[in-house]
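> The following block contains a protein sequence and its predicted model.
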Amino acid sequence: MLFFTFNDERHLNRSLTTLNVWSLAFGCVIGWSAYVMPGTVFLSNAGPLGTLIAMELATLVMLIIAYNYSYMIKKFPLTGGEFIYAKMAFGEHHGFLCAWFLSLSYLSVIPLNATALNLLMRAMFGDAFQFGFHYTVAGYDVYLGEMLLAIGALAIFFMINSLGVHVTGNLQTFLVMILLGGIFIVIGGAVLSPSASFENLHPMFHPVTSSFKNGIIAQIIAVYVTGPMSFVGFDTVPQMMEESNFSSDRVKVVMDTSIICGGFVYIALTIFACSVVPYVYNHSWPAYIADLHNQTGTAGIVTLNAAHIVLGRAGLYTIFASVVAAMLTGIIGFYMATSRLLYSMSRDGLIPSWFSYLNKNGVPTHAGLFCMVGAGLICLIGRAVMGWIFDMASTGAAIGFAYTSISACKYAYKEGRTDIVIFGALGFILSLSMAVILLVPIPGLNVSLRNESYVLLVVWITLGIIFYYVRRFLGKIFR
């Protein structure tokens, strides 16, 4: 047979505590982007108040979607999450479609965080890792030294992941404490520092000028639509259910608090960065953001620059530790989520059973190895192309949310659960609307995918169709 089964009695180990799973979810939500998006996306599109409104709306939407997740997890407390829900509700075709997009969404975040280490090192230490041969892809310089750093991180955390879920879960919890500790220290420093002021938050929205024609509603939507990829990570919880040692009744609290805390961090870091504007810009954050592309080093990352201004070198190294911890939690969390998704697909026969192999510690190491190699190859193409992939993969998160919501709606309708029917339908509509805004260019909204991302999306869909039908054809031959 092509999809043979390993004769192995090993199984996933139930070792993750409630705090471990919360740390995995929250650590996936907050990555490198939480520290750079205040300057590159939030303030540049909507200003502090626009960001506050947009992220609160996105948080509310994610809580609605999480309500549907908690219902489906209780019905199917199995590794695989959205893939299992779509398959059980609508059949194998839909299960594969959901998993195909979701796996790319998860996998793309791993190299994004790994190569973000390079960007952080460039900001902190200049060209220290820019040694060896290098090449340019889409205008981005790829250096041997930086690739060794990124791929080295992938290899190290693959090996740590192989030691067992209890080791990985405890490490994730420790790193999340560093992440949060660094944020609270620098924000606390801003509260006490004369360099920070709420007066700097004005204007509350991005000034509408001839070069920025979007109105207030469009500004809010431009930030709101980042919701699927800003909050992707809370949905890693169902991937861990067969390895959790607590009741599924706690799942809703775990997901809700990870979403709420994630939304708080996005908003808090944006307001923190906006409240500390270098004196040279005369306390004008629009002038600072407009000139951000001319800045080098830590001055080009608004959150790092703000920490440096309010607490000096101590503040800079404090937030540096927080950012590194955020990157590593993203690598660990999405390693676990992606490998468990592939494990579940393999266990159901959608992909070769090689992916369902478990080592002596109950870890799907073959699936993890695939993630490491795949992420390593993506690292080689540079951040510019990686950005196209990440943008395209944003639709994958929305598809996963949509399938979970509509699956919940279907099952709840049969059971007469009106509350779940309403939340399921609402979650489906909201998830689908996010995907549509990303995919369909809308006049007045400059938030749709770049042309390169559209091309990659078509390629990924084509590959999925080919793989699915070739797999079915070969499966019949070798039965």
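Yep, that arrived.
> Just the element for Phe334, please.
helix 302-347 (DSSP states H and E).
> Can you name the element that comes right after that helix?
Assignment by DSSP H and E places the next element after helix 302-347 at helix 365-379.
> Residues contacting that following helix, please?
Applying C-beta atoms under 8 Å, 6 or more residues apart in numbering, the external contacts of helix 365-379 come out as 107-108, 110-111, 114-115, 147, 150-151, 154-155, 158, 161-162, 335, 338-340, 342-343, 346, 354-359, 386, 389. Heads up, the C-betas are built off the backbone N, CA and C, glycines and all.
> following that helix, which helix or strand comes up?
Sequence order places helix 382-415 as the next helix or strand after helix 365-379, per DSSP H and E.
> Just want the angle from that next one to helix 302-347.
60 degrees (axes from the mean of the first three to the mean of the last three C-alpha atoms, to 10 degrees).
> Return the mean pLDDT over the next helix-or-strand element following helix 382-415, rounded to an integer.
Going down the chain from helix 382-415, the next helix or strand is helix 418-439, by DSSP H and E. Computed over helix 418-439, the mean pLDDT rounds to 91.
> Check which residues of helix 418-439 are buried.
Of all the residues in helix 418-439, those buried under the rule 16 or more other C-beta atoms under 10 Å are 420-421, 423-428, 430-432, 434-435, 437-439.
> Show me what that helix is packed against.
Judged by 3 or more C-beta pairs under 8 Å, 6 or more residues apart in numbering; DSSP states H and E, the packing partners of helix 418-439 are helix 43-75, helix 227-231, helix 382-415.
> quick one: that helix to helix 382-415, angle?
150 degrees.
> Off-centre distance for helix 418-439?
19 Å (C-alpha atoms, centre = their mean, to the nearest Å).
> That helix vs helix 43-75, what angle?
140 degrees.
> neighbouring contacts of helix 418-439?
Here helix 418-439 makes contact (C-beta under 8 Å, 6+ apart) with 61, 64-65, 67-68, 71, 221, 225, 227-228, 391, 394-395, 398-399, 401-402, 404-413, 445, 447-449.
> Now a ChimeraX select for only the buried ones of those.
The ChimeraX command for the buried members of these (criterion: 16+ other C-beta under 10 Å) is given here:
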select :61,64,65,67,68,71,221,225,227,228,391,394,395,398,399,401,402,404,405,406,407,408,409,410,411,412,445,447,448,449
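> what about the helices in the stretch 51-200 of the chain?
Per DSSP state H, counting those that start in this stretch, the stretch 51-200 of the chain carries helices over the ranges 82-90, 92-125, 144-162, 165-192.
> now for the third one, which elements pack on it?
The reference is to helix 144-162. Contacts defined by 3+ C-beta pairs under 8 Å, 6+ apart place helix 144-162 against helix 92-125, helix 165-192, helix 302-347, helix 365-379.
> Which one of those helices lies nearest to Tyr468?
helix 92-125 (5.6 Å; C-beta to C-beta).
> buried stuff in that closest one?
94-124.
> hang on, the earlier thing: turn the helices and strands packed on helix 418-439 into CSV, including mean pLDDT and distance to Val363.
Shown next, in CSV, are these (pLDDT from 0 to 100; distance: least, C-beta to C-beta, whole Å):
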stretch, mean pLDDT, distance to Val363
helix 43-75, 94, 22
helix 227-231, 81, 26
helix 382-415, 90, 23
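> Which among the ones you listed is found nearest to Thr318?
Among the helices and strands packed on helix 418-439, the nearest to Thr318 by C-beta to C-beta is helix 43-75 (22.0 Å).
> which of the residues in that closest one are buried?
43-55, 57-59, 61-73, 75.
> Same check on stretch 256-263?
Asp256, Ser258, Ile259, Ile260, Cys261, Gly262, Gly263.
> Look up phi and psi at the second one.
When you say that, I think you mean Ser258. Backbone geometry at Ser258, expressed as degrees, to the nearest 10, gives phi -70, psi -40.
> where does this structure have low pLDDT?
Applying pLDDT under 70 to the chain flags residues 1-9, 208-214, 443-446, 472-479.
> Show residues contacting stretch 77-96.
Contacts to stretch 77-96, defined as C-beta under 8 Å, 6+ apart, come from residues 12, 69, 72-73, 76, 97-99, 102, 235-243, 248, 340-341, 343-345, 347-348, 350, 400, 403-404, 406-408, 410-411, 464, 468.
> Likewise for stretch 390-402?
65, 81-82, 97-98, 101-106, 108-109, 112, 226, 228-229, 232, 235, 427-428, 431-432, 434-435, 438-439, 449-450, 453-454, 456-457, 460.
> redo that, cut-off 7 Å
With contact meaning C-beta atoms under 7 Å, 6 or more residues apart in numbering, stretch 390-402 is reached by 65, 82, 98, 101-102, 104-105, 108, 112, 228-229, 232, 235, 427-428, 431-432, 434-435, 438-439, 449-450, 453, 456-457, 460.
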